[in-house]
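Enquirer: predicted model and sequence below, questions to follow.
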Amino acid sequence: MSGWRDAILNAFPGHVFPLTLVADPDGLLVEEGIQEALRERGFEVLVYDDPVAFRYIYESRYRSLWDAGQSSEHALVVRSDEEDLHALPYDLLQRGRSLRFSLADLFPSLNYGVVAALDTQHWDALYQSQQDYHPGELGERATRTFILKHVFDTDPELIKTPADLLHTLLKRHYRGQRVPRDVDQPFLQALRRRDVFKGWPLEQIATDRDAFFRFLQERWPRYIRELIRERANETYEPLPSLILPGPSSLPYGHEDVRIYIDNLFLEGFLHPIDHRNADLLEGAWAAVGLDIDPDRDRLRRFEKLVEKLEGSIPEADAQHQHWLTFAHRWAEGIALRHLIDLSKHSNLHTRLMALQHNVDAAFAAWVQRRYDGLHNQPALPPVMLHHVPRFLAHHLEQSPTEKVALVLLDGLALDQWIVLRDILSPQVPDLRFREEAVFAWLPTLTSVSRQAAFAARLPAYFPDSIHTTAKDSDHWRQFWVNRGYHAPAARYANVVGDAADLDRIHEMVSDPRVHILGLVVQKVDKIMHGMELGARGMHDQVRLWAQQGFPARLLELLQDHGYDVFLTSDHGNIEATGCGSPKEGMIASERGQRVRVFESQTLRAQVDQRYPEAISWTSRGLPPGYETLFAPSRGAFISEGKKTVTHGGISVEEVIVPFIHVTTG
């Protein structure tokens, strides 16, 4: 560790202080590098946000041991996001030492309010720039300009042409950068002063990634028409009118723009179009955005995507955002893979198997190093499933809408979401999908991960129901009651996902008392547990279910009744191969195909030694006595060599799940 982290980590010398209280209004302690370093030094960070939940962990894991004269396994750091520690209980204030950390101390020459708007992932670049350029004391506007230039590689004064602007926005949105609106003001003001950008929807395309890609997609057919017109003299039918305002043509062929367009089509941000004379552009660079020969186009796209994936696997110390970005690209690759007969392309199949092995190994290494600190990340935007209800509550507070629905498609992997999305888009053209992803809870079992999603808490807080989903409804209702809503306002329902369920859902959403809906749809999970045709069969069955219309009709029903809809999943799934079934008798408290759960590390060790490549996992986010053993790589604890589609393990497909905001217009 180096740089800005040193000032914080120097205050935690090993196991000297059993209890430390930290006022941390800017979230410095929950930055991933800090979290990892503190765990390595023997500290556990516990956020004080729910007094009842906090007291449960504090009393059971710490105070009871200290009062008995014993040492706890970890020293405790209690983090408050308040400016001071006055809200903490008196007994903690008496027992622990007190510290305070602030961005103002790390960036003394920059405006605090502007810096505080940045996401934690940008602090390293900002700190290094501060060290390199010694900017002196800057006001608000100068701080914004400094950050735009040195963190987001944007100099507003250099953007003078449409190609300049597109290049800047392509860099921003392709990388998934979120530039706070406050920071972006000098950029937008400079653009508004230039006549060339009059009529452009600058606010939308600069700040909204989805809107920017729609802006590009809408104008792509016009660009293709002009290219074809250069090669053939014919009359064209009028194109659909543009929804987003702005110029009708864009310089896609400019060298600074074109370098991104290929990747956007490759990774599914833009979608190829049909044209009756598409063959005239065969061999041209723009053919990447045309459906010419579907089978050949898919194969070419898949080959390029494999190459892209091979060079972009995140490192073991990567920030979680890098894995979320990679997961989308990986999911696009999986969805394409199941549309191609790889038996005819043995070299490509060999590369894919090697890539899959490398992805699994890298992700498992990252999980063991960084995953256990994710639960402390801020819930805005959500990083883990248990953050989602808090995010929805904030969304309701900030949004003019009065209703919100969380639709949890049980077992839907991110690659299967792509299959579903591609069916939904033509079925309901007015729907828009703002696609993000979150981390499910490990182990990726329904009773753990789905329960966390509806309880809005770590699994450590519901030890009595950790092996069941019977409490989901109670958890969901209690969360919203604690937020000040009357109990009838929050409803929970669990349906199969067949047409007959729509009447029941219609009855619920028609109730004027209901403003918050938590809905579990079981269909994908049921398909998975009955699947005998592997991962390709899963895709085929999800596609068939979507074509039958239930997902589209459900989303239309919720939209028609005024609900703002968010869609997610509790875990994904993979095709796994049996590595043998442990004969553990009664010592395992849960026997999943991808994971075994034991009441102690001693019991787990009796099975672990027979599977040297299995991963033993002890998490502070799980209850005591919940010790897990994950099957190795793509293995399953079933008869050796047997194939299955299942979940519970550590793979990207099981852990990183879709989080989609469904909008219209």
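Expert: Received the coordinates, thanks.

Enquirer: where exactly do the helices run in the stretch 1-150 of the chain?
Expert: Counting by DSSP state H, counting those that start in this stretch, the stretch 1-150 of the chain has helices at residues 4-9, 32-40, 51-58, 64-67, 90-95, 103-106, 112-116, 123-133, 140-150.

Enquirer: can I get the ones you listed in a markdown table with distance to His271 and mean pLDDT?
Expert: C-beta coordinates here come from the backbone N, C-alpha and C atoms, glycine included. Shown next, in a markdown table, are the helices of the stretch 1-150 of the chain (distance: least, Cβ to Cβ, whole Å; pLDDT from 0 to 100):
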| stretch | distance to His271 | mean pLDDT |
| --- | --- | --- |
| helix 4-9 | 42 | 93 |
| helix 32-40 | 34 | 92 |
| helix 51-58 | 44 | 89 |
| helix 64-67 | 58 | 90 |
| helix 90-95 | 54 | 94 |
| helix 103-106 | 41 | 95 |
| helix 112-116 | 37 | 96 |
| helix 123-133 | 33 | 94 |
| helix 140-150 | 31 | 96 |
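
Enquirer: looking at those helices, which is nearest to Asp26?
Expert: Proximity to Asp26 (Cβ to Cβ) singles out helix 103-106 among the helices of the stretch 1-150 of the chain, at 4.5 Å.

Enquirer: show me what the closest one is packed against.
Expert: helix 4-9, helix 112-116 (3 or more Cβ pairs under 8 Å, 6 or more residues apart in numbering; DSSP states H and E).

Enquirer: with distance to Ile334 added, can I get those helices in TSV?
Expert: Shown next, in TSV, are the helices and strands packed on helix 103-106 (distance: least, Cβ to Cβ, whole Å):
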stretch	distance to Ile334
helix 4-9	36
helix 112-116	39
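
Enquirer: need those in TSV (columns: mean neighbour count and distance to Leu103).
Expert: Below are these laid out as TSV (neighbours: other Cβ atoms under 10 Å; distance: least, Cβ to Cβ, whole Å):
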stretch	mean neighbour count	distance to Leu103
helix 4-9	17	9
helix 112-116	17	5
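
Enquirer: chain neighbours aside, what residue packs nearest to Leu216?
Expert: Leu270 (6.1 Å; Cβ to Cβ, 6 or more residues apart in numbering).

Enquirer: can you put the helices of the stretch 1-150 of the chain in CSV and add distance to Leu158?
Expert: Below are the helices of the stretch 1-150 of the chain laid out as CSV (distance: least, Cβ to Cβ, whole Å):
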stretch, distance to Leu158
helix 4-9, 29
helix 32-40, 32
helix 51-58, 50
helix 64-67, 59
helix 90-95, 52
helix 103-106, 28
helix 112-116, 21
helix 123-133, 18
helix 140-150, 10
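
Enquirer: quick check: phi and psi on Ile656?
Expert: phi -100, psi 120 (degrees, to the nearest 10).

Enquirer: just to revisit the earlier point, so which of the helices and strands packed on helix 103-106 is nearest Arg369?
Expert: Using Cβ to Cβ, these put helix 4-9 closest to Arg369, at 15.8 Å.

Enquirer: now that closest one, how far from the chain's geometric center?
Expert: 28 Å (Cα atoms, centre = their mean, to the nearest Å).

Enquirer: what is it packed up against?
Expert: helix 32-40, helix 103-106, helix 123-133.

Enquirer: domains of the protein?
Expert: Domain assignment for the chain by automatic domain parsing gives 4-101, 112-151, 157-286, 299-362, 377-573+653-664, 576-641.

Enquirer: those: which one's closest to Arg370?
Expert: Per Cβ to Cβ, nearest to Arg370 of these: domain 4-101, 5.8 Å.

Enquirer: start to end distance for the closest one?
Expert: 11 Å (Cα to Cα, to the nearest Å).

Enquirer: repeat that for stretch 334-345.
Expert: 16 Å.

Enquirer: how far off centre is it?
Expert: That offset, for stretch 334-345, works out to 26 Å (Cα atoms, centre = their mean).

Enquirer: can you list contacts of it?
Expert: 295, 298-299, 301-302, 305, 348-349, 352, 415, 418-419, 535-536, 539, 653 (Cβ atoms under 8 Å, 6 or more residues apart in numbering).

Enquirer: on that earlier part again, tell me which of the helices and strands packed on helix 4-9 sits most buried.
Expert: Across the helices and strands packed on helix 4-9, the average number of neighbours (mean count of other Cβ atoms under 10 Å) peaks for helix 32-40, which reaches a mean of 19.

Enquirer: that one to helix 123-133, inter-axis angle?
Expert: Going by axes from the mean of the first three to the mean of the last three Cα atoms, to 10 degrees, helix 32-40 is angled at 110 degrees with respect to helix 123-133.

Enquirer: what is helix 32-40 packed up against?
Expert: Applying 3+ Cβ pairs under 8 Å, 6+ apart, one finds that helix 32-40 contacts helix 4-9, strand 43-47, helix 346-370.
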